[in-house]
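S.K.: Sequence and predicted structure below; questions after.
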Amino acid sequence: MSDLARTATPPPGTGAAAAYDAEAITTKERTQLQLVLIRFLRHRVAVISLIGFLLIVAFAFLGPELWKYDHLIHREIPADQPPSWGHPFGTTRAGHDYMGQIMRGTQQTLKVGFVVAIMSTVIGAVWGAIAGFYRGWLDSVMMRFVDVLFVIPQLVLVLVLAGMTRGTTWLHVALILGAFGWLQPARLVRSVVLSLREQEFIEAAKALGASDARIIGRHLIPNTVGIIIVNFTLVIAVAVLVEAALSFLGFGIQLPDTSLGLLIQSAQDAVFTRPWLFYFPGVFIILICLTINFIGDGLGDALDPKRATVRR
Amino acid sequence: MTSHTSDPTAPTMVPEQVRPDDPEVLLEVEDLTVGFPTEDGLVQAVRGVSYQLRRGEALGIVGESGSGKSVSTLAVMGLLPKSARISGSAKVAGVEVLGLNDARMSQIRGNKIAMIFQDPLTSLNPVFTVGFQIAEAVQAHNDVSDEEAHKRAVELLDLVGIPFPEQRVHSYPHELSGGMRQRVVIAIAMANNPDVIIADEPTTALDVTVQAQVLEGLELARKETGAAMVLITHDLGVIAGHVDRVVVMYAGKLVESGTVDEIFYTPRMPYTIGLLGSLPRMDAAREARLSPILGTPPSLVNLPPGCPFAPRCPMAEQICREEEPALLPVDGGPHTAACHFTERLRGAKPGDLFRASYLDTQAVEAVAELEDQS
Amino acid sequence: MLVYTLRRLLAMIPVLIAATILTFLLVDLAGDPIAPLRLRVPPVPESTIQATIERLYQDRSTPERYWIWLTGVELPGGFGANNGDVGVLQGKWGPSTSGADIGSEIGQRFIVTLRLVLVATLLSFILAIITGVVSAVRQYSITDHSLTFVGFLALAMPIFWLAALIKETGVWINLQLNTRIFFTFGATSPGYERMNFLEKVVDAGSHLILPTIALMLNGYAAISRFQRATMLEVLNSDYVRLARAKGLRNRVVMRRHALRTALIPVVTLMALTISAVLTGAVITETIFGWRGLGTYFVDSVARIDAFAVLAFVLVSGVLVVVANLVADLLYAVLDPRIRYE
């Protein structure tokens, strides 16, 4: 060895130490989950939306336990009152306390939204993953089926099923929406799996002798989880809107139970005469979807930072 | 030096007089500094770079990704995003180009100074024919009819060596191979006989077999137009044989500058030596291992004081971590290097400085044993 | 190109048929068209019920009923025997529970709905492209942030709520100003049939205003986001950079290189958009009281009128499929990288 190297030459056996010194990483080591969380928390709007959404959920599920009125008619409730201390959201012509109704309506709407999202995402992800992974005729058959169903607008299919079966409970509505809501997640997951499949790390895993199950479980699914989660939030928002439309048209949740869509239907002529009846349910739907969309946006940026470009 | 942002609404700079002492200097960059504001802080991509390019010369800029080599030339072309903070001076044929507005800069770009980018597939607009895109370059600076521009496009395609130019002129970029596309890009650069052509990693995205064609195309362009060339690359093999002078960049600064021979045969900065050592060589002994430089380039946000290469340098001592070495002449000549210990490197070879590569501790011990015995 | 078009059209037919089979099964399993009849008060005589069952082919098996609906052809052996009022491939839509002729209902209402869907889709696209491009060019400015926020708001708003709001606002404005500026009910004014062509256009057009605004605001947001992302990608692309490096003025680069290329991908959203607008139209027609296909569909579902529902599904399916095809062809025209042999 010439004498050019550093005077305090590390002894021969510790060549590795010099290597580590040069390779010293200057940032703290963090797990994947921690990184995602940190990036999400940087998104002010997403965080505010998350808080807002949780407040709405609390309002819908804890509210009825704490508030003195429920969503039904009571003779002692004065009719047609604008918002006041006693009735913060006002009252209806028939004698409902509106806040009680909104709480109940939000609860039903949210329940449908969650169940539909879970159903759609699970079915869709499994369907899309299988089709995308195995390709060939299985893929063709599975996706043709999806394509055919896609030809008809979702609301049309839902209306046919809902309108003609006349179910009334929120679960009934949720099942119907879920029966058609899985199409879009299936397409999404399939395209993600298709592109992942082509990447070299899958080939490398195969070359190392990994079984199909292991490849799917350890390599494909973790890489799709992020996209599935973001899509999940989108599906909730869509489900909320479709359920509301269904109830508005009279084919969804029926009286005496209520949903936000049903409340708007009763109030559609009262926009200027008794505005509280019209605006509260609408604003609640808007808030639910808005917060969910922002959360989804924040999650998307947190999970794939390449999406968010360099800021000013 | 006054600071400029590449803001198209900034007032036009009055062109300075050409320096009386050297009309042959076509591109003069002095103390160029470029910073990008990001969420994590200011990224100092270029930290005071100076070089000159004379008529007929070819200058090679060598460095790793992130060394600032592309950013410095993009600053000269005025192609950096609006948010970039640029200061220093850059003169093309005597005219200061930093801080010019869009109108003035458009007259210079593609006309006095042209640029070729790395990836030929994405450099060309997929919805226009190559003929149209060449003709566009011609018509941007010359008041000629569509027909004449078209003829010139065919001429240029022929010049860069594309067969059947009259037919090819109507092709779309995706119909051509990578090598041909890059030659189309060269043709665009040549179109208005610029004084300076900047080639930013022109061969990186291409196969080795195609690289030769593209470099040939560049030589043709130089001959035809008489332009001086700046060739940016991380590939030393491309540098040798195609340029006259070389500057080596690291972490946003020049660390060595000299003629091709000086850099290849008498390097005087550890980073340069390391780069040369990473090259496999046909004339080396069979058992000789490559001696790469361990580690990665430093983050350009919050650079620690001292020489940026210190963490990876086997020769680093206390002063290296405190004081950043200036770019100073070596052996009195135009050859310059930025290292506190350039004197020690006289006659050094890569193996003298960098160990052969492996992190397997057992293997290291085994080799150490062998060395002890030898 | 022509061959490709024809091939695509032919390929669409099995898809449509499959869609009708699936929907038929859905309709069949979901509801019994006779049920409302049985529930009537005072009760309907059994003979009437039986006659209705036969008239609506409810006494046949599901596959036979589908065959009758699709072809109206009687095979030797009695399979498919019918009253000659059914067979889509013959252009006959089948019997309706309401007694009205499905074919003529659809015929009249189709134009009404079509003009709403087409105008709304076109305007949605235009609005979306403008907002998307402006947002991208002025990325991270106040304009961008505001447009993005409004877009998010539009995405979160239920179409029926927005439509009701717009309608009532129109009514209120009319009241305040004591004149009928906005038409808030119906697709046309009474006496429409007697108008000449120009008057018809003006009348239909003015009735279109409010519903179109509602549909537009609902649909543009998703396209706008996509357009913004596409435009950003193009603005940061190498070829835009090379265009600048050539010495082209910023305005020229924007118009010729950025815009032209960025408008292409948005075409792929056309089919999805038509689907969404169709859905929105169903709701909007209901709110504005139009006599269109949308209201017909809702009424048919309420009546459990199987053949009418099927007719609507077929029509909307055809619309979506055609939109898909048009979008593909347009894309091929605009992008030279796509050439169908």
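M.R.: That came in fine, so what should we check first?
S.K.: Would you mind measuring from residue B:255 to residue B:338?
M.R.: Using CB to CB, to the nearest Å, residue B:255 is found at 5 Å from residue B:338. C-beta coordinates here come from the backbone N, C-alpha and C atoms, glycine included.
S.K.: Poorly predicted segments of chain C, please.
M.R.: C:1, C:340-341 (pLDDT under 70).
S.K.: Who are the packing partners of whichever helix or strand residue B:44 is part of?
M.R.: According to DSSP states H and E, residue B:44 maps onto strand B:41-54. Under the contact definition 3 or more CB pairs under 8 Å, 6 or more residues apart in numbering or on different chains; DSSP states H and E, strand B:41-54 sits against strand B:25-38, helix B:69-77, strand B:85-92, strand B:228-233, strand B:253-259.
S.K.: tell me which element the most centrally placed residue in chain A falls in.
M.R.: Centrality entry for chain A: nearest residue to the mean C-alpha point is residue A:233, 1.4 Å, by CA atoms, centre = their mean. Assigned by DSSP H and E, residue A:233 falls within helix A:221-249.
S.K.: Would that helix count as contacting chain C?
M.R.: Yes - using CB under 8 Å from any CB of the partner chain, helix A:221-249 reaches chain C at A:237, A:241, A:244-245, A:248-249.
S.K.: Find me the pLDDT at the residue nearest to the centre of chain A, would you?
M.R.: The per-residue pLDDT reported for residue A:233 equals 92.
S.K.: Next, show the common contact partners of residue B:255 and residue B:338.
M.R.: B:269, B:327 (CB atoms under 8 Å, 6 or more residues apart in numbering or on different chains).
S.K.: one step back: can you go through the residues of helix A:221-249 next to chain C and name the buried ones?
M.R.: Buried by 16 or more other CB atoms under 10 Å in any protein chain shown: A:237, A:241, A:244-245, A:248-249, out of the residues of helix A:221-249 next to chain C.
S.K.: could you redo the residues you listed as JSON lines and give each row distance to residue C:289 and pLDDT?
M.R.: Output for those, formatted as JSON lines (distance: CB to CB, whole Å; pLDDT from 0 to 100):
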{"residue": "A:237", "distance to residue C:289": "29", "pLDDT": "93"}
{"residue": "A:241", "distance to residue C:289": "22", "pLDDT": "93"}
{"residue": "A:244", "distance to residue C:289": "20", "pLDDT": "92"}
{"residue": "A:245", "distance to residue C:289": "17", "pLDDT": "91"}
{"residue": "A:248", "distance to residue C:289": "15", "pLDDT": "90"}
{"residue": "A:249", "distance to residue C:289": "14", "pLDDT": "88"}
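S.K.: Make a markdown table out of the residues you listed and add distance to chain B.
M.R.: Below are these laid out as a markdown table (distance: CB to the nearest CB, whole Å):
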| residue | distance to chain B |
| --- | --- |
| A:237 | 28 |
| A:241 | 34 |
| A:244 | 38 |
| A:245 | 40 |
| A:248 | 43 |
| A:249 | 45 |
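S.K.: what about whichever residue of the stretch 51-200 of chain C sits closest to chain B, is that helix, strand or coil?
M.R.: Residue nearest to chain B within the stretch 51-200 of chain C: residue C:140 (9.4 Å; CB to the nearest CB). For residue C:140, the assignment made with DSSP: H, G, I helix; E, B strand; the rest coil gives coil.
S.K.: The residue nearest to the centre of chain A contacts residue A:293, doesn't it?
M.R.: Yes - at 7.3 Å, residue A:233 counts as touching residue A:293 under the criterion of CB atoms under 8 Å.
S.K.: What's the separation between the residue of the stretch 51-200 of chain C closest to chain B and residue B:83?
M.R.: From residue C:140 to residue B:83 the distance is 9 Å (CB to CB).
S.K.: Show me how far the helix or strand harbouring residue B:276 is from its chain's centre.
M.R.: According to DSSP H and E, residue B:276 maps onto helix B:270-277. Chain-centre distance of helix B:270-277: 17 Å, with CA atoms, centre = their mean, to the nearest Å.
S.K.: Export the helix or strand following that helix to PDB, keeping only CA atoms.
M.R.: Counting by DSSP H and E, the next helix or strand C-terminal to helix B:270-277 is helix B:318-322. Provided in PDB are the C-alpha atoms of helix B:318-322 (Å, rounded to 0.1, in the frame of the first residue of the first chain):
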ATOM      1  CA  GLN B 318      -8.800  17.600   9.300                       C
ATOM      2  CA  ILE B 319      -8.300  20.600   7.100                       C
ATOM      3  CA  CYS B 320     -10.400  19.000   4.400                       C
ATOM      4  CA  ARG B 321     -13.400  19.000   6.700                       C
ATOM      5  CA  GLU B 322     -12.900  22.600   7.600                       C
END
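S.K.: ok, and what's touching helix B:318-322?
M.R.: B:304-307, B:310, B:313, B:340.
S.K.: at 7 Å instead, please
M.R.: B:305-307, B:310, B:313, B:340 (CB atoms under 7 Å, 6 or more residues apart in numbering or on different chains).
S.K.: what about stretch C:249-262, near chain B?
M.R.: Yes - on the criterion CB under 7 Å from any CB of the partner chain, stretch C:249-262 is in touch with chain B at C:249-250, C:257, C:260-261.
S.K.: can you tell me which two in the residues of helix A:221-249 next to chain C are farthest apart?
M.R.: A:237 and A:249 (19.3 Å; CB to CB).
S.K.: tally of neighbours for whichever residue of chain B sits closest to chain A?
M.R.: In chain B, no residue comes nearer to chain A than residue B:368, which is 3.0 Å away by CB to the nearest CB. For residue B:368, the neighbour count with other CB atoms under 10 Å in any protein chain shown is 15.
S.K.: Distance check, it against residue B:312.
M.R.: Taking CB to CB, one finds residue B:368 at 21 Å from residue B:312.
S.K.: so who does residue C:327 touch?
M.R.: C:267-268, C:270-271.
S.K.: quick one: it from chain A, how far?
M.R.: Per CB to the nearest CB, to the nearest Å, residue C:327 is found 14 Å from chain A.
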